[in-house]
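Novice: model this:
(chains A, B, C and D)
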2 protein chains.
Amino acid sequence: MSETRWLDDDEQRSWRTFLWASQLLHESLDRQLQRDSGMPHTYYMILAMLSEAPGRSMTMTELARRVRSSASRLSHAVSKLETLGWVCRGKRPGDARTTVATLTDEGFAALAEAAPGHVEEVRRVLFDRLTPEQAEQLRDIFEVVLANLNSTDGC
Amino acid sequence: MSETRWLDDDEQRSWRTFLWASQLLHESLDRQLQRDSGMPHTYYMILAMLSEAPGRSMTMTELARRVRSSASRLSHAVSKLETLGWVCRGKRPGDARTTVATLTDEGFAALAEAAPGHVEEVRRVLFDRLTPEQAEQLRDIFEVVLANLNSTDGC
DNA sequence: CCTGTTTACTTGAGCGCTCAAATGAAGCCG
DNA sequence: CGGCTTCATTTGAGCGCTCAAGTAAACAGG
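Specialist: Have a look, this model is predicted:
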């Protein structure tokens, strides 16, 4: 057992500021999408990732990797998206294990309608307040964080 | 209706990187606390804020403001924390409206036990990967974001 | 006073998420 | 081939959160 390396005052301040801000930021995004387009942010991202894939289709596993989601979360989400008629599930012939999720035309339309308002909100809560240098710093910081989390969580 | 100002490639990259990273970061924190101390991160923060208050007590409204929570979320959370025996509710004599939440000794003990592991996790996912300059940039960025969200959400 | 408004907080329904367990197909090996 | 492991995905229980509605005390103006 080693001594706990507590956060000093500067770190404490950085930490809580980031924590509160990112929490409020996520909530703002979620609220805007829910209010204006009737979907949570997670679902928006699933639709967005599918829309960028060839044939608007992706394996469940691949899709989960893309949206940084657990298999379980994605499965529940796609079930809901299926009942909304925005996504449909299919099987690949010759492979009974993998399921392929495909964005329907209705799903694409819902995404297209939600996108402008969502982008506005992203600007409002983040980019409109940041200098270009800060946007760059932001990316540099979280690329490191992301790389770390991607590697260590699989252990 | 104005044209949508879409995100350019740099912004898109910054945005998604931040989004995925902060999401995974929150999940990591939550998982660690849930696993090692049986509480979600939100509850940890409530306990932490109470522990720093004079008399380990705070009004529900003030506590909600401190943890950036809705009144509803806080009320539900404090109800749960009460059943765990970590917090208790009380009334101020001469004021029948305001409820005062107080951290119990058991609550303080639970917090004290959870703290070292939590701080380790914060270091592991964030500060150990950042230079001191980056920690400063992080604070500068999110102070702006936070100020913006605090002011605009009340409208 | 009485009435309408604001303040402080609670409640309940519904939903998305987590975790653990289950299903069932594929691949591997003696 | 038969059994073991791994892989891809689903399922169900339980929980925290949101939103809308409800309660009830304090206050403000006629």
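
Novice: so where do the helices sit in chain A?
Specialist: A:9-37, A:41-52, A:60-66, A:71-83, A:105-125, A:132-152 (DSSP state H).

Novice: how close does residue A:144 get to residue A:102?
Specialist: Plainly put, residue A:144 is 35 Å away from residue A:102 if you go by Cβ to Cβ, to the nearest Å. For glycine as for every other residue, the C-beta is placed from the backbone atoms N, C-alpha and C.

Novice: just want the residue of chain A that's nearest DNA strand D.
Specialist: Nearest to DNA strand D, among the residues of chain A, is residue A:61, at 3.0 Å (Cβ to the nearest atom of the strand).

Novice: residues contacting that residue?
Specialist: A:71, A:98 (Cβ atoms under 8 Å, 6 or more residues apart in numbering or on different chains).

Novice: quick check: it vs residue A:75, distance?
Specialist: Residue A:61 is 11 Å from residue A:75, by Cβ to Cβ.

Novice: next one: residue A:49
Specialist: According to Cβ to Cβ, residue A:49 and residue A:75 sit 15 Å apart.

Novice: quick one, which of those two is more surrounded?
Specialist: More crowded of residue A:49 and residue A:75, by other Cβ atoms under 10 Å in any protein chain shown: residue A:49, with 18 against 15.

Novice: for that one, which non-adjacent residue is spatially closest?
Specialist: What sits nearest to residue A:49 in space, not counting adjacent residues and going by Cβ to Cβ, 6 or more residues apart in numbering or on different chains, is residue A:66, at 4.7 Å.

Novice: what does chain A put close to DNA strand D?
Specialist: Counting by Cβ under 7 Å from any atom of the strand, chain A comes close to DNA strand D at A:27, A:31, A:34-35, A:59-61, A:64, A:71-72, A:74-76, A:78-79, A:89, A:97-100.

Novice: burial measure for the residue nearest to residue A:56 when sequence neighbours are not counted, as a count.
Specialist: Spatial nearest neighbour of residue A:56, chain neighbours left out: residue A:103 (4.0 Å); criterion: Cβ to Cβ, 6+ apart. Residues near residue A:103, counting by other Cβ under 10 Å, number 25.

Novice: my read is that residue A:103 contacts residue A:49, right?
Specialist: No - using Cβ atoms under 8 Å as the test, residue A:103 is too far from residue A:49 to be in contact (9.2 Å).

Novice: any stretches of chain A with poor pLDDT?
Specialist: A:1, A:153-155 (pLDDT under 70).

Novice: up against DNA strand C, what does it have?
Specialist: So chain A meets DNA strand C at A:40, A:42-43, A:69-70, A:72-73, A:76-77, A:80, A:94-97 (Cβ under 7 Å from any atom of the strand).

Novice: let's see that with 10 Å instead.
Specialist: A:30, A:34, A:38-43, A:45-46, A:67-81, A:83-84, A:91-98 (Cβ under 10 Å from any atom of the strand).

Novice: selection in ChimeraX covering whichever of the residues you listed are buried, please.
Specialist: Command for ChimeraX, covering only those of the residues of chain A next to DNA strand C found buried under the criterion 16 or more other Cβ atoms under 10 Å in any protein chain shown:
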select /A:30,39,40,41,42,43,45,46,67,68,69,74,77,78,81
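
Novice: measure residue A:68 to chain B for me?
Specialist: Taking Cβ to the nearest Cβ, to the nearest Å as the measure, residue A:68 falls 5 Å from chain B.

Novice: nearest spatial neighbour of that residue, skipping sequence neighbours?
Specialist: Excluding the flanking residues, the one nearest residue A:68 by Cβ to Cβ, 6+ apart is residue B:20, at 4.8 Å.

Novice: neighbours of the one you found, how many?
Specialist: 19.

Novice: can you check the one 5 residues further on too?
Specialist: Neighbour count for residue B:25, taken as other Cβ under 10 Å: 22.

Novice: quick check: it touching residue A:149?
Specialist: Yes - using Cβ under 8 Å, residue B:25 makes contact with residue A:149 at a distance of 6.6 Å.

Novice: hey, what's in contact with both of those two?
Specialist: Joint contacts of residue B:25 and residue A:149 (Cβ under 8 Å, 6+ apart) are residue B:125.

Novice: what's the spacing between stretch A:131-147 and its chain's center?
Specialist: Distance of stretch A:131-147 from the chain centroid (Cα atoms, centre = their mean, to the nearest Å) equals 17 Å.
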